[in-house]
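Q: I'd like to go over a predicted model; first the sequence, then the structure.
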Amino acid sequence: MSDSAINSGGAGAPLSTSGELDLSEVRDWVALLKPRVMSLVVFTGAVGLIVAPGHLHPVLAVTAILCIAVAAGASGAINMWYDRDIDAVMRRTANRPVPAGRIQPRAALAFGVFLGLASVVVMGLATNLAAALVLAGSIGFYVFIYTMWLKRRTPQNIVIGGAAGAFPPMIGWAAVTGHVSLEAVVMFAIIFFWTPPHFWALSLFASGDYQRAGVPMLPVVAGAKETRRQIWLYSLLLAPLALLPTVIGMAGLAYGAAALVLGGFFLEAMWRVKRDAQDEQGRSLTQDAPARAAFKFSIIYLFMLFAALAADRLLFGA
């Protein structure tokens with residue numbers, strides 16, 4: 001597809017002027033799906049499917065996971081369409097395909113809407129209505145509640161809006177069982193309470209971007225010191241919450257031991273954020289090195305926690 005085809009929102013395989021496939025344009029369309037974010041979403045959704053009681057044919061299971069991935073990508077594409085104005089003034093996001101002008105906004109919106117509708121329809125046909133409805137709810141929550149309503153209006157945007165990223169294990173569970181039960185809600189809650197310390201750690205060292213864009217992230221509105229305090233409080237809630245799968249019999253002692261150890265490392269990382277050397281205004285004197293490290297570790301933490309949950313189910317049948 002030539003630049004003029006992209007600018008008109010045209011369809012078809014992107015081609016260079018020589019008629020060969022233009023990989024840079026392919027990468028831009030893939031980037032619309034936020035693949036790095038999608039990878040963790042897909043993984044937690046797959047774990048929800050693995051730990052659910054019952055059986056789903058492998059082909060249908062793969063289809064369900066693919067639908068979760070496509071729905072997450074659709075949400076990301078619509079988010080990039082809506083946030084193109086603030087993305088353009090943030091260093092971290094200025095080179096995204098839409099604000100950089102490589103993909104037209106209406107093309108990004110159409111791409112996201114099509115993928116979102118397709119993922120919900122296929123999920124309903126491949127599994128059941130409950131899974132399709134929860135999947136649709138996750139897209140709607142991310143697009144309308146977080147992106148369009150909360151993100152630009154309240155410093156609690158990531159607390160409430162973070163629920164959007166907590167849906168995938170519930171979707172995987174519903175795909176197998178046809179309903180949402182306590183176990184699915186527990187997995188949802190773990191990701192829900194993980195999101196604020198994870199994202200606020202990022203916002204500490206990216207606060208300048210958010211301030212320029214006028215996004216009321218917690219460090220911009222309440223200051224870095226209060227943000228560190230809130231990170232620590234949510235971490236204190238998350239660590240024991242992660243033990244709930246063992247408490248309610250959803251997982252065994254192997255998972256419980258893993259959650260206990262991982263929780264200790266998580267608390268240590270977030271404590272370092274709270275105790276980071278600060279000036280009188282609460283600004284880091286270490287260029288937010290503890291926050292950067294905690295942000296990276298929080299991703300590893302969630303991945304390993306859900307991997308332990310899946311392993312406990314596969315190895316011990318808890």
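A: The structure has been received and is ready for your questions.
Q: looking at the chain, which helix is longest?
A: Longest helix of the chain, by residue count under DSSP state H: helix 289-316.
Q: and that helix, what does it pack onto?
A: Helix 289-316 sits against helix 35-51, helix 182-205, helix 253-274, with contacts defined as 3 or more Cβ pairs under 8 Å, 6 or more residues apart in numbering; DSSP states H and E. In this view, the C-beta of every residue, glycine as well, is placed from N, C-alpha and C.
Q: return the set of buried residues in the longest one.
A: In terms of neighbour count (16 or more other Cβ atoms under 10 Å), helix 182-205 has its buried residues at 183-205.
Q: circling back to that earlier point, JSON lines for the helices and strands packed on helix 289-316, including mean pLDDT and distance to G76?
A: Compiled in JSON lines, those are given as follows (pLDDT from 0 to 100; distance: least, Cβ to Cβ, whole Å):
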{"stretch": "helix 35-51", "mean pLDDT": "93", "distance to G76": "6"}
{"stretch": "helix 182-205", "mean pLDDT": "95", "distance to G76": "15"}
{"stretch": "helix 253-274", "mean pLDDT": "97", "distance to G76": "26"}
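Q: with distance to V221 as added columns, please give these in CSV.
A: Shown next, in CSV, are the helices and strands packed on helix 289-316 (distance: least, Cβ to Cβ, whole Å):
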stretch, distance to V221
helix 35-51, 24
helix 182-205, 11
helix 253-274, 18
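Q: and of these, who's closest to T127?
A: T127 lies closest to helix 35-51 among the helices and strands packed on helix 289-316, at 9.5 Å (Cβ to Cβ).
Q: state the phi and psi torsions of the residue lying closest to N157 once chain neighbours are set aside.
A: By the measure of Cβ to Cβ, 6 or more residues apart in numbering, the closest residue to N157 outside its immediate chain neighbours is L150, 4.2 Å from it. In this entry, L150 is assigned phi and psi values of phi -90, psi -40 (degrees, to the nearest 10).
Q: how close does L150 sit to T195?
A: Using Cβ to Cβ, to the nearest Å, L150 is found at 13 Å from T195.
Q: about what we covered before: the longest helix of the chain vs helix 182-205, what angle?
A: Using axes from the mean of the first three to the mean of the last three Cα atoms, to 10 degrees, the inter-axis angle of helix 289-316 relative to helix 182-205 is 160 degrees.
Q: now helix 289-316 and helix 253-274, what's the angle there?
A: For helix 289-316 against helix 253-274, the angle by the same axes, to 10 degrees is 180 degrees.
Q: just want the angle from helix 289-316 to helix 35-51.
A: Angle, helix 289-316 to helix 35-51, by the same axes, to 10 degrees: 30 degrees.
Q: in helix 289-316, what counts as buried?
A: Buried-residue list, helix 289-316, by 16+ other Cβ under 10 Å: 290-292, 294-295, 297-298, 301-302, 304-306, 308-313.
Q: kindly report the same for stretch 104-122.
A: For stretch 104-122, the neighbour count (16+ other Cβ under 10 Å) marks 104-105, 107-113, 115-116, 119-120, 122 as buried.
Q: in helices, which of those fall?
A: 105, 107-113, 115-116, 119-120, 122.
Q: is it possible to get TSV of those that adds distance to L133 and pLDDT?
A: Putting these into TSV (distance: Cβ to Cβ, whole Å; pLDDT from 0 to 100) gives the following:
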residue	distance to L133	pLDDT
P105	29	96
A107	28	96
A108	26	96
L109	23	97
A110	24	97
F111	23	97
G112	19	97
V113	18	97
L115	18	97
G116	14	97
S119	13	97
V120	8	98
V122	14	98
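Q: got a markdown table for these, with distance to V59 too?
A: As requested, those are exported to a markdown table (distance: Cβ to Cβ, whole Å):
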| residue | distance to V59 |
| --- | --- |
| P105 | 36 |
| A107 | 32 |
| A108 | 31 |
| L109 | 32 |
| A110 | 29 |
| F111 | 26 |
| G112 | 26 |
| V113 | 27 |
| L115 | 21 |
| G116 | 23 |
| S119 | 17 |
| V120 | 19 |
| V122 | 12 |
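Q: any regions of the stretch 201-318 of the chain where pLDDT drops low?
A: Across the stretch 201-318 of the chain, the ranges flagged by pLDDT under 70 are 281, 318.
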